[in-house]
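Engineer: Quick check, what structure comes out for this input:
(one chain, ligands or ions: 1)
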Amino acid sequence: MAMADFYDDHDTVAAATADQPLLSVDGITRVYGDRIGCADVSFDLWPGEVLAIVGESGSGKTTLLNCISSRLTPTCGTVNYRMRDGASADIYKMAEAERRFLMRTDWGFVHQNPIDGLRMTVSAGANVGERLMAIGDRHYGNIRGAAIEWLERVEINADRVDDQPRAFSGGMRQRLQIARNLVTNPRLVFMDEPTGGLDVSVQARLLDLLRGLVSDLGLAVVVVTHDLAVARLLSDRMIVMKDGRVIEAGLTDRVLDDPRAPYTQLLVSSILQV
Ligand SMILES: Nc1ncnc2c1ncn2[C@@H]1O[C@H](COP(=O)(O)OP(=O)(O)OP(=O)(O)O)[C@@H](O)[C@H]1O
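Structural biologist: Now for the predicted structure:
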């Protein structure tokens, strides 16, 4: 497929496939030797839907996120993604180049630590512009213009465009990482503890910004968090993991207001007591 054709007919296809899942995860299991990372996880993610994966440390959240975002090959199970042309593709049967293209364009991945998702020794503008170049944009003026527009959208002053992220605060770096991910207009963004490691007031501002962007752009998101407040604010639906397995799933408000599994009840009540 020619890069320039990538976004053509997007709206037509999006309308035609709105009643089909964007991502279908079926029986995903990943073991590390005899240790279970995650076991037999299945769910569908719909276009524009935000799904939170919650659970305590070691419950398998990151393993699952990496398996469904093609960063870690599962031991068994399948992940099917509905491409922009409407066809469903098994992400582990794609050619490597096709998968990499998908990750640079239609998907985003926001790491907990912005250092893992940014290039620290190139300018903020280049960090954002680089993703546009990956989809074939070669016009310097356009790229710089889009980068500045995105910096402003994530509340970074345009006059910081030539600064390197090394000179940014933790919150600014995380917002820059978000801009870098969103500039290609992805349909699906994976986030691993996007507000972890930040001060509480910085977290609140970032969450607010993320919530606005997700809703304005109609993004589908899978967000891993151990923080139920993040799940409450961002997600429509959530799955609760324990020892690598899903022990409860449902609409976020339902799970948090009326948890059914004893473990979820414990999680929820421990937060309420804080
Ligand atoms: N590379 C690895 N090698 C061996 N075991 C691993 C590896 N990565 C994860 N595990 C194990 O898999 C299980 C799930 O870990 P995982 O990191 O997915 O959990 P998590 O819920 O994301 O935890 P955290 O919130 O602390 O990041 C744990 O028992 C962990 O020790």
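Engineer: Can you name the residues of the stretch 1-150 of the chain sitting close to the ligand?
Structural biologist: Neighbours of the ligand within the stretch 1-150 of the chain, by CB under 6 Å from any ligand atom: Tyr32, Arg35, Gly37, Gly55, Ser57, Gly58, Ser59, Gly60, Lys61, Thr62, Thr63. Quick note: C-beta positions are derived from backbone N, CA and C, even for glycine.
Engineer: Can you tell me which of those lies closest to Asp208?
Structural biologist: Lys61 (23.1 Å; CB to CB).
Engineer: quick one: contacts for that closest one?
Structural biologist: By CB atoms under 8 Å, 6 or more residues apart in numbering, the contact set of Lys61 is Ile53, Val54, Gly55, Val224, Thr225, His226, Met241.
Engineer: which of the residues you listed has the most neighbours?
Structural biologist: Highest neighbour count within the contacts of Lys61: Ile53, with 30 neighbours (other CB atoms under 10 Å).
Engineer: Surely it is in contact with Leu64?
Structural biologist: Yes. The criterion here is CB atoms under 8 Å, and Ile53 meets it with Leu64 at 6.2 Å.
Engineer: Can you work out which residues contact both of these two?
Structural biologist: Common neighbours of Ile53 and Leu64 (CB under 8 Å, 6+ apart) are Val224, Met241.
Engineer: and Tyr76, how many neighbours?
Structural biologist: Just to correct that, residue 76 is Cys rather than Tyr. Cys76 has 12 nearby residues by other CB under 10 Å.
Engineer: give me the beta-bridge partners of it?
Structural biologist: Assessed by DSSP bridges, Cys76 has beta-bridge partners Thr29.
Engineer: go on, Gly108?
Structural biologist: Bridge pairing for Gly108 - DSSP bridges - gives Val189.
Engineer: ok, it - contacts?
Structural biologist: So Gly108 contacts Asn181, Leu182, Thr184, Pro186, Leu188, Val189, Phe190 (CB under 8 Å, 6+ apart).
Engineer: Could you single out the nearest of those to the ligand?
Structural biologist: Proximity of the contacts of Gly108 to the ligand (CB to the nearest ligand atom) peaks at Phe190, which lies at 12.9 Å.
Engineer: Tell me which residues touch the residue in the stretch 151-274 of the chain positioned nearest to the ligand, please.
Structural biologist: In the stretch 151-274 of the chain, the residue that lies nearest the ligand is His226 (5.4 Å; CB to the nearest ligand atom). Residues counted as contacts of His226 (CB under 8 Å, 6+ apart) are Val54, Gly55, Glu56, Ser57, Lys61, Glu193, Gly196.
Engineer: Apply 10 Å and report the result again.
Structural biologist: Ile53, Val54, Gly55, Glu56, Ser57, Ser59, Lys61, Glu193, Gly196, Leu267 (CB atoms under 10 Å, 6 or more residues apart in numbering).
Engineer: Sitting in helices, which of those do you find?
Structural biologist: The members of these that map onto helices under DSSP state H are Lys61, Leu267.
Engineer: And the furthest pair within the contacts of His226?
Structural biologist: Using CB to CB, the pair of the contacts of His226 lying farthest apart is Gly196 and Leu267, separated by 16.8 Å.
Engineer: between these two, which one's more packed in?
Structural biologist: Looking at Gly196 and Leu267 with other CB under 10 Å, you find the greater number of neighbours at Leu267, namely 22 against 16.
Engineer: just to revisit the earlier point, tell me the one of the contacts of His226 nearest Ala87?
Structural biologist: Taking CB to CB as the measure, Ala87 lies nearest Ile53 of the contacts of His226, at 26.5 Å.
Engineer: who's that closest one bridged to?
Structural biologist: On the basis of DSSP bridges, Ile53 is bridged to Val224, Ile239.
Engineer: What's the separation between the residue nearest to Val31 when sequence neighbours are not counted and Tyr32?
Structural biologist: Here the nearest residue to Val31 in space, its sequence neighbours aside, is Thr75; by CB to CB, 6 or more residues apart in numbering that works out to 5.0 Å. In this view, Thr75 and Tyr32 are 9 Å apart by CB to CB, to the nearest Å.
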